[in-house]
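> here is a sequence together with a model predicted from it:
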Amino acid sequence: MSILVRRSNLIVPITNSHFLQGAWRHNADAVTLDLEDSVVDYRKEEARTIVKDAIRMAARGASEVFVRINKTYAQADIEASVWLGLAGIVLPRVESPEEVQEASQIIGRMEGSRGLEKGSVQLVLLLESARAVWKIREIIQADPRVTQVALDESDLAGSLGITPLPDQDPFVYARGRLVVEAIAAGVQPVGVTHPMGTQPRFPSSGEMLQIATDSKNLGFRGILCPHPSWVEPVNTALTPTQSQVDYYTQVRDIFAQAIAAGTAAVPFHGRMIDVPVDEWAKDVLAMAAACKTRDDQKREALLLAGEADPRPDS
Amino acid sequence: MPQQGGNRKVRRSGLTMPVVTPRFVDNAWRRGCDFINLDLEDSVPQNLKGYARGLIKDAIPNVTKGGAEAFTRINHDLVESDLEAIIWPGLSKVNYPKAEYGWEIEKLDRIITRLERERGIRPGTVEIGANIETAIGVANAYQIGSASPRVREFGGATGYDMSRDLGVEMFVGFDQFVYGKGETELAARALNHEVHTAPFTANTTGSVSDPDRAYQEAEAARKCGFRVGGGLHPNVVDPQNRGFTPTEEEATDAVNLLEQYRELVDSGESWSDVNGLVIDQHEAARAQDLLDWRQLCQERDQEKAQAVARVGEEPA
């Protein structure tokens, strides 16, 4: 089974032409063109007319392209967004399985009329209320288009009347529930550790790397990035490091030797290596290979576009 | 308050070992464990599964002669053949890994029930340990825990399998499993099961043989209301036995508190504040539970000492 590598998803206000034109250069695995919170009401219609060209523009660096729609204008926004090159729709403020199914049906109709492969457009769900967190299982399982699910912690804090403090994480439970329920349903959980979810800001690259590493170690497979400065540390954190690759290659060798010697449990640097450790080693090595493939795709796209590759060889 | 009642088991320490490694199995009775978990699963290579099954019947009396209970961990995907090979007199529990649905437990229950009948084992003797090791297992915790009266102890939601399912590295220094542990504990408490879990203590080494860490973790677990231990290395057995047993000093404090509570009740009051500590019916119940548990631990230690004496060999 192929591994979905969508470590960074850069959110770009579609009506800001400067951000839009530069979006493809940031090495994000995905770019989300925003029709929702970053577009003022009176420009919603204008924003819809931009989407078709914007998809092509944002995809130049081989990022997947998504569009975040407005829940209120779901039909008009989806109709304006489903064009060749669209990877999926980001559906905000979801509170019921019916909303997911309704969006999926509209997408299905548009796929048919615009010559897209049936079922190819994915859904990324944003949960932003207590009701959504409570009903998460039904919501995630509502439609096979759903590949990722995320909490919008800022809006969740707003809807619960919480003024977040940097030292007090209000969403340990919600985040844990999201990770477990998403993985149980075979959907990728997307998110970031406190306080970045409730108070996104622009930390140093090193700080962001640590935050993204912690997020990965909570089970998140991707992070929505409100600013391009997040993208590289997020990509790095969610890619197995060379030392992990070396370590788990060694683990696999040692385990294979143990099996040949008639045991499936062998001590290694004070730890016990057995089947699940070997299985995890396989997962890490497979993830490393999948990330490399993805990075190569993006590098080639940049070269094709005539851009110098800003990244060091990996 | 933890599980109550006359059938409460003392399972502070236990070693999980591959049944195919004779030096582990033959020395297991000497280790002072409350239980031994004979493994057919992760520590046994695929090509030795059949051979391993055939060893369990003789291993049960071997590992229990020092007074430990015998458990067997079976393979998630080999339930029928594993159970046929392991349900023999002397086995206390079947550990079922990666439990995800109630129907899996019901199936185990049916097979165990038949085998108990066929093999002259008192009906209901063999427990099922439903190990929660995946996100699906956490999501269905209550359903799993309530699927059979043989499930009397419950928990998990941590460890290598869980980490793999969540896609996370272990030993990163913060609590990655807080939600899963919370959900399984809630389910277990609601079902009046003993809870098999532990509070978070930072561990970035992943060592399985550190006795100091084992003691600290066991003591912290006991103080959070958990009573079940277990590990992989003989070094951790004694620290777990000690860490899960209330100390002499704690017992003295509990006796004093009960005395003060009795005086309080005699004077017609329901609570008091002594040196900043509240004394009320809840604290009295907690003190009584500590004394009851200590008593059970002492009885268990005595049972094991007597069993070892019957063997007539030095335990170590």
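Looks like it came in fine. Numbering: from 1, shown residues only, chains lettered A, B, ... in the order given.
> ok, how many other residues are close to residue 37?
In the absence of a named chain, this looks at chain A. Neighbourhood size, A:D37 [other C-beta atoms under 10 Å in any protein chain shown]: 14. Yep, even glycine has a C-beta here, placed from its N, CA and C like the rest.
> meant chain B actually
25.
> tell me what it is bridged to.
For B:N37, the residues forming beta bridges with it (DSSP bridges) are B:T16, B:F71.
> what helix or strand is the residue of the stretch 1-150 of chain A found nearest chain B on?
Of the residues in the stretch 1-150 of chain A, the one nearest chain B is A:R137, at a distance of 7.0 Å by C-beta to the nearest C-beta. Using DSSP states H and E, A:R137 sits in helix A:136-140.
> same question, A:D214
Counting by DSSP H and E, the element that carries A:D214 is helix A:205-216.
> buried set for the next helix or strand after that helix?
Under the assignment DSSP H and E, the closest C-terminal helix or strand after helix A:205-216 is strand A:223-225. Within strand A:223-225, the residues scored as buried using 16 or more other C-beta atoms under 10 Å in any protein chain shown are A:223-225.
> as CSV, the residues you listed with pLDDT and distance to chain B would be great.
Putting the buried residues of strand A:223-225 into CSV (pLDDT from 0 to 100; distance: C-beta to the nearest C-beta, whole Å) gives the following:
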residue, pLDDT, distance to chain B
A:I223, 97, 14
A:L224, 97, 18
A:C225, 96, 19
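> let's have those in JSON lines, adding distance to B:F154.
Supplementary listing: those in JSON lines, determined by distance: C-beta to C-beta, whole Å:
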{"residue": "A:I223", "distance to B:F154": "34"}
{"residue": "A:L224", "distance to B:F154": "36"}
{"residue": "A:C225", "distance to B:F154": "40"}
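> quick one: contacts of the helix holding A:R137?
Contacts of helix A:136-140 from elsewhere in the structure, counted by C-beta atoms under 8 Å, 6 or more residues apart in numbering or on different chains, are A:94-97, A:100, A:125, A:127, A:132, A:146, A:149, A:177-178, A:181-182, A:184-185, A:187, B:139.
> just the buried residues of those.
When those are checked for burial by 16+ other C-beta under 10 Å, the buried set is A:94-95, A:97, A:100, A:125, A:127, A:132, A:146, A:149, A:177-178, A:181-182, A:184-185, A:187, B:139.
> pretty sure A:A305 sits against A:R60.
Yes - contact criterion C-beta atoms under 8 Å: A:A305 and A:R60 qualify, at 5.3 Å.
> ok, the two, which is more surrounded?
For A:A305 against A:R60, the residue with the higher neighbour count under other C-beta under 10 Å is A:R60, and the figures read 18 against 12.
> tally of neighbours for the spatially closest residue to that one that is not a sequence neighbour?
Leaving aside its sequence neighbours, A:R60 sits nearest to A:W24 (C-beta to C-beta, 6 or more residues apart in numbering or on different chains; 4.1 Å). Counted with other C-beta under 10 Å, residues neighbouring A:W24 total 25.
> roughly how far apart are the residue of the stretch 1-150 of chain A closest to chain B and A:V149?
Using C-beta to C-beta, to the nearest Å, one obtains 11 Å as the distance from A:R137 to A:V149.
> check B:G231 too.
Using C-beta to C-beta, one gets 36 Å for the distance from B:G231 to A:V149.
> same question, A:E138
As it turns out, when the distance is counted by C-beta to C-beta, A:E138 lies 12 Å from A:V149.
> where's B:I128, which helix or strand?
Secondary-structure element containing B:I128, defined by DSSP H and E: strand B:127-132.
> so what strands line up beside that strand?
For strand B:127-132, the paired strands and their directions (DSSP bridges) are strand B:91-96 (parallel), strand B:153-156 (parallel).
> about what we covered before: so what's the gap between the helix holding A:R137 and the chain middle?
For helix A:136-140, the separation from the chain centroid amounts to 18 Å (computed by C-alpha atoms, centre = their mean, to the nearest Å).
> as CSV, could you dump the C-alpha coordinates of it?
Coordinates of the C-alpha atoms in helix A:136-140 are reproduced here as CSV (Å, rounded to 0.1, in the frame of the first residue of the first chain):
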residue,chain,number,x,y,z
ILE,A,136,-15.9,12.4,15.4
ARG,A,137,-16.3,8.8,14.7
GLU,A,138,-19.5,9.2,12.6
ILE,A,139,-18.0,12.2,10.9
ILE,A,140,-14.7,10.6,9.9
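> next secondary structure element downstream of it?
Next in line after helix A:136-140, if elements are assigned by DSSP H and E, sits strand A:146-151.
> what sits up against that next one?
Around strand A:146-151, the neighbours that count as contacts under C-beta under 8 Å, 6+ apart are A:4, A:6, A:88, A:100, A:122-128, A:133, A:136, A:139-140, A:171, A:174-175, A:178, A:182, A:187-191, A:197, A:221-222, A:224.
> same question, stretch A:285-298
Contacts of stretch A:285-298 with the rest of the structure, by C-beta under 8 Å, 6+ apart, involve A:2-3, A:5, A:7, A:27, A:29, A:61-63, A:235, A:238-240, A:244-245, A:248-249, A:252, A:311, A:314.
> and it, what's buried?
A:285, A:287-288, A:290-291, A:294-295, A:298.
> quick one: low-confidence parts of the chain?
Going with chain A. In the prediction, chain A carries residues with pLDDT under 70 at positions A:1, A:308-314.
> oops, I was thinking of chain B
For chain B, the stretches with pLDDT under 70 are B:1-6, B:315-316.
> and the residue of it at minimum distance from chain A, which helix or strand is it part of?
Taking C-beta to the nearest C-beta as the measure, chain B has B:Y179 as its residue closest to chain A, at 2.3 Å. Taking DSSP H and E as the definition, one finds B:Y179 inside helix B:178-190.
> relative to strand B:127-132, how tilted is that helix?
Using axes from the mean of the first three to the mean of the last three C-alpha atoms, to 10 degrees, the inter-axis angle of helix B:178-190 relative to strand B:127-132 is 150 degrees.
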